[in-house]
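**Student:** Quick one, what's the 3D model for this:
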Amino acid sequence: MGPGEAGHCGAASPVPPPFALVAPSLFLGSARAAGAGEQLARAGVTLCVNVSRQQPGPSAPGVAELRVPVFDDPAEDLLAHLEPTCAAMEAAVRAGGACLVYCKNGRSRSAAVCTAYLMRHRGLSLTQAFQLVKSARPVAEPNPGFWCQLEKYEEALQAQSCLRGEPPALGVGPEA
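**Tutor:** Numbers count the residues shown, from 1 in each chain. Model (predicted):
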């Protein structure tokens with residue numbers, strides 16, 4: 001085995017990939033993930049959602065970037081970005097691609113966006129969506145401000161489904 005080849009022997013601990021699979025076609029990682037062009041290509045990533053103001057964009061050819069310019073600050077308005085960002089992510093997935101969502105450390109901003117996407121396009125509750133994110137990337141922990149915004153987003157999604165006359169998908173209502 002030459003240098004740079006990943007082995008599966010127990011003696012040397014392999015370097016973990018800089019991103020984790022959260023759900024089909026949805027990956028979450030740190031800014032390091034954007035530079036892992038070969039791994040992005042193997043994963044079929046076509047869209048990188050860069051949830052930061054300073055982190056570099058993806059260095060892989062053919063991978064689009066959507067920048068969500070927020071700091072990891074509880075006072076930042078992430079909520080305003082969730083609907084257009086989730087729509088772009090879903091469009092990439094429906095076109096046969098995959099999304100990588102990342103921020104500097106892959107903990108707060110990107111975890112919040114992944115959670116919102118799972119609520120919006122996979123019909124999960126906030127609790128279910130975050131459990132999926134946390135099990136894929138244990139360091140995931142949206143800051144308190146982002147968590148409050150996710151709660152507001154969940155309420156808005158529930159209200160939308162009620163207005164459309166859909167049965168509550170999130171375990172609310174008289175049937176629950």
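**Student:** For burial, what's the neighbour tally of the spatially closest residue to residue 22 that is not a sequence neighbour?
**Tutor:** Spatial nearest neighbour of residue 22, excluding adjacent residues (Cβ to Cβ, 6 or more residues apart in numbering): residue 136 at 4.3 Å. In short, each C-beta sits where N, CA and C put it, glycine included. Other residues near residue 136 come to 19 when the count uses other Cβ atoms under 10 Å.
**Student:** I'd like the distance from residue 136 to residue 107, if you could.
**Tutor:** Here the criterion is Cβ to Cβ, to the nearest Å. By it, residue 136 lies 13 Å from residue 107.
**Student:** go on, residue 119?
**Tutor:** 19 Å.
**Student:** cool, and residue 144?
**Tutor:** The value you get for residue 144 to residue 107, if Cβ to Cβ is used, is 13 Å.
**Student:** now residue 83
**Tutor:** From residue 83 to residue 107 the distance is 23 Å (Cβ to Cβ).
**Student:** Please apply the same query to residue 97.
**Tutor:** In terms of Cβ to Cβ, residue 97 sits 25 Å off from residue 107.
**Student:** need the strands for this structure, in chain order.
**Tutor:** For the chain, strands defined by DSSP state E occupy the ranges 19-23, 26-30, 45-50, 64-67, 98-103.
**Student:** who are the neighbours of the second one, in terms of helices and strands?
**Tutor:** Other elements packing on strand 26-30 under the criterion 3 or more Cβ pairs under 8 Å, 6 or more residues apart in numbering; DSSP states H and E are strand 19-23, strand 98-103, helix 109-122.
**Student:** Would you give the sheet partners of it, along with the direction of each?
**Tutor:** Partner strands for strand 26-30, per DSSP bridges, with pairing direction: strand 19-23 (antiparallel), strand 98-103 (parallel).
**Student:** okay, the strands of the chain in CSV with distance to residue 164 next?
**Tutor:** Output for the strands of the chain, formatted as CSV (distance: least, Cβ to Cβ, whole Å):
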stretch, distance to residue 164
strand 19-23, 23
strand 26-30, 24
strand 45-50, 26
strand 64-67, 27
strand 98-103, 25
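**Student:** Could you identify which of these is most buried?
**Tutor:** Of the strands of the chain, the one with the most neighbours on average (mean count of other Cβ atoms under 10 Å) is strand 98-103, at a mean of 27.
**Student:** Pull out the buried residues from stretch 68-86.
**Tutor:** When neighbours are counted by 16 or more other Cβ atoms under 10 Å, the buried residues of stretch 68-86 are found to be 68, 70, 72, 76, 78-79, 81-82, 85-86.
**Student:** Ignore what I typed, I meant stretch 47-62.
**Tutor:** 47-52, 55, 58, 60.
**Student:** Rank those by pLDDT and give me only the lowest.
**Tutor:** Between those, the one the model trusts least by pLDDT is residue 60, at 83.
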